[in-house]
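> turn this into a model:
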Amino acid sequence: MDTVHFKITRKQKAFINATADEVMFGGAAGGGKSYGQLIDAFLFALKYPGSKQLILRRTFPELDMSLIRVSRELYPSNLYRYNAARHAGVFFNGSLFDFGYCDTERDIYRYQSAEYDVIRFDELTHFPEHMYIYLLSRVRGANDFPKQVKSSTNPGGVGHTWVKKRFIDPSPANMEFKTNNGTRIFIPSKVTDNIFLMNNDPGYLQRLDNLNEDDRRMLKDGDWDVNQGAYFGEFTRSIHVMPPFEIPSHWRRYRALDYGLDMLACYWIAVDIYGRAYVYKELHKPDVIIPDAARMIREMTDKDERITATYAPPDLMNRRQDTGKSVFDTFAENGVPLVKASNNRVQGWYAMKEWLHPFKDELGQTIAGIRIFSTCINLIEDIPALIHDKNNPNDCDTEPHEHTHGPDAIRYFIAGRPSPTPKPKIQDEERPRNNIQSFLSFGT
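Below you'll find the predicted structure:
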């Protein structure tokens, strides 16, 4: 067999040699991510005859213009051939690649009965989390070949938040870490790590410098603290997230919920005399039927909490043909009466942006119309994860769907036009004192 020579960077070598169950490679544009994937896949195929690998992009045109085209140019024809009808690459030793894509939700089920030794995601942040989690189950087989998921990506996109949470936040870069489901590692790579690109196209850095600040931070610097296209750019943890405090008993209290079998998201919200809202309690649970949902809401509502209204979207008023009852009816029968709130998405999101918009209070501190107790962990994660709909930038994208439930509930609360707490006769008694005052000061 002829000797095959590939030139690789130091970071590409680290990616190839990584043995963690889940490996994520990349960060900045031009770091050699896709090339590293193809070299790694080629070496694996030669080392383990008869092995099977799946290489994924979100859409087939992206796959065809990148990985498929480059693999045909890169791999020696005496070792490898591409079968266009099957979208598969076949090696002389029986190893194969399936070039796959998941353009729609149902595409993942095309791999329902498949078995792969390695699955490779190129541009992982283009995928929602549930697609990734489902396809993890396709890594299996009775042989003794290594089993891995190896991904590459830039920051930004629909999957930015969950990828950051899964690979970036838990551990320093280049350090393998353990989870309940195996081991993971993030190997960063910037354009300056790709000596071949730097030597052959030194003007590439300048072109990256010409991008707007967010794009430059993501594509040149590989900065994961930027989420391109975030709908609620106003959201800042230092302003909108606060330690819990004891809610004054006379403040108006509301609940708001978004319900479906995929998720029950319910929030308890207090409003002070200035009309400022405090999200102080969270119920976020999947696969809950209505009687159980109502029971959980009742149990989490203290006996002395006087709930002014529980807002919900109008589609829950639709009556089912088999029972003649609506979700509103069933919740009411189980002790949680609901109040209809508008479901005008664009108008509702705009109103929510106004509530989140920072301003100076009477003490000169930067505050906002709504803030969240630090115990409401899902809502705090979900709001900054929402991005603009690519077809209607005035609306939020419905993907990643798992991040939409909590913000939807807050949108219904705002659309319900909640009233402030009535001012007491002696207004000074309303003002929080001592340590509570410090909690109510935004930015603490």
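> can you list the domains in the protein?
In the assignment given by automatic domain parsing, the structural domains of the chain cover 10-219, 237-439.
> helices of the stretch 1-150 of the chain, start to end?
When assigned using DSSP state H, counting those that start in this stretch, the helices of the stretch 1-150 of the chain occupy the ranges 10-17, 33-47, 60-63, 69-74, 129-136.
> where in the stretch 101-250 of the chain is pLDDT low?
190-223, 225-228 (pLDDT under 70).
> send the alpha carbons of stretch 88-98 over as CSV?
Listed in CSV are the C-alpha atoms of stretch 88-98, where the atom choice follows Å, rounded to 0.1, in the frame of the first residue of the first chain:
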residue,chain,number,x,y,z
ALA,A,88,-21.7,6.9,1.6
GLY,A,89,-18.0,6.6,1.5
VAL,A,90,-16.6,3.0,1.2
PHE,A,91,-13.0,1.9,2.0
PHE,A,92,-11.1,-1.0,0.5
ASN,A,93,-11.1,-2.7,3.9
GLY,A,94,-14.9,-2.6,4.4
SER,A,95,-15.0,0.5,6.6
LEU,A,96,-17.6,3.0,5.6
PHE,A,97,-18.9,6.5,6.3
ASP,A,98,-22.5,7.6,6.1
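> outside of it, which residues touch it?
Counting by Cβ atoms under 8 Å, 6 or more residues apart in numbering, the neighbours of stretch 88-98 from elsewhere in the structure are 41, 44-46, 48-55, 71, 75, 78-83, 86-87, 99, 114, 116. The C-beta positions use only the backbone N, C-alpha and C, and glycine is treated the same way.
> can we see that at 6 Å?
The contact list for stretch 88-98 (Cβ atoms under 6 Å, 6 or more residues apart in numbering) reads 45, 49-55, 79-82.
> what would the domains of the chain look like in CSV with mean neighbour count and distance to Ala230?
Putting those into CSV (neighbours: other Cβ atoms under 10 Å; distance: least, Cβ to Cβ, whole Å) gives the following:
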stretch, mean neighbour count, distance to Ala230
domain 10-219, 18, 9
domain 237-439, 17, 6
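> out of the helices of the stretch 1-150 of the chain, which gets nearest to His401?
helix 129-136 (7.8 Å; Cβ to Cβ).
> what ranges do the strands span in the stretch 201-350 of the chain?
For the stretch 201-350 of the chain, strands defined by DSSP state E, counting those that start in this stretch occupy the ranges 241-242, 252-260, 263-271, 277-285, 307-312, 339-340.
> any idea how far Leu338 lies from Ile290?
11 Å (Cβ to Cβ, to the nearest Å).
> oh, I was asking about Asp103
Between Asp103 and Ile290 the distance, using Cβ to Cβ, works out to 34 Å.
> measure the residue lying closest to Lys325 once chain neighbours are set aside to Leu257 for me?
For Lys325, the nearest residue in space outside its immediate sequence neighbours is Arg319; the separation is 6.3 Å by Cβ to Cβ, 6 or more residues apart in numbering. Taking Cβ to Cβ as the measure, Arg319 falls 19 Å from Leu257.
> repeat for Ser326
Counting by Cβ to Cβ, the gap between Ser326 and Leu257 amounts to 14 Å.
> for Lys165, same thing?
The spacing between Lys165 and Leu257, counted by Cβ to Cβ, is 25 Å.
> circling back to that earlier point, quick check: the farthest pair among the contacts of stretch 88-98?
Of all pairs drawn from the contacts of stretch 88-98, the one with the largest separation by Cβ to Cβ is Leu54 and Leu79; the distance is 19.6 Å.
> closest to Tyr231 out of the domains of the chain?
Smallest distance to Tyr231 across these (Cβ to Cβ): 4.5 Å, for domain 237-439.
> circling back to that earlier point, hmm, Asp329 and the residue nearest to Lys325 touching each other?
No: shown here, Arg319 and Asp329 do not form a contact pair, counting by Cβ atoms under 6 Å, at 7.8 Å.
> who touches Phe127 in this structure?
For Phe127, the contact set (Cβ under 6 Å, 6+ apart) comprises Gly159.
> if I look at Glu381, how far off is Thr183?
Look at Glu381 and Thr183: by Cβ to Cβ, they are 23 Å apart.
> what does Gly94 give?
According to Cβ to Cβ, Gly94 stands 29 Å off from Thr183.
> could you do Trp268 as well?
Relative to Thr183, and taking Cβ to Cβ, Trp268 is found at 39 Å.
> and Tyr116, by the same measure?
From Tyr116 over to Thr183 the distance is 19 Å, taken as Cβ to Cβ.
> check Gly50 too.
Using Cβ to Cβ, we find Gly50 at a distance of 26 Å from Thr183.
> then Arg58?
Looking at Arg58 against Thr183, where the rule is Cβ to Cβ, the gap reads 26 Å.
> please enumerate the strands of the stretch 1-150 of the chain.
With DSSP E, counting those that start in this stretch as the criterion, the stretch 1-150 of the chain has strands at 22-27, 52-57, 80-83, 88-91, 96-101, 118-122, 148-153.
> how far off helix 129-136 does the first one point, in degrees?
Spelled out, that is strand 22-27. Regarding strand 22-27 and helix 129-136, their directions subtend 130 degrees when assessed with axes from the mean of the first three to the mean of the last three Cα atoms, to 10 degrees.
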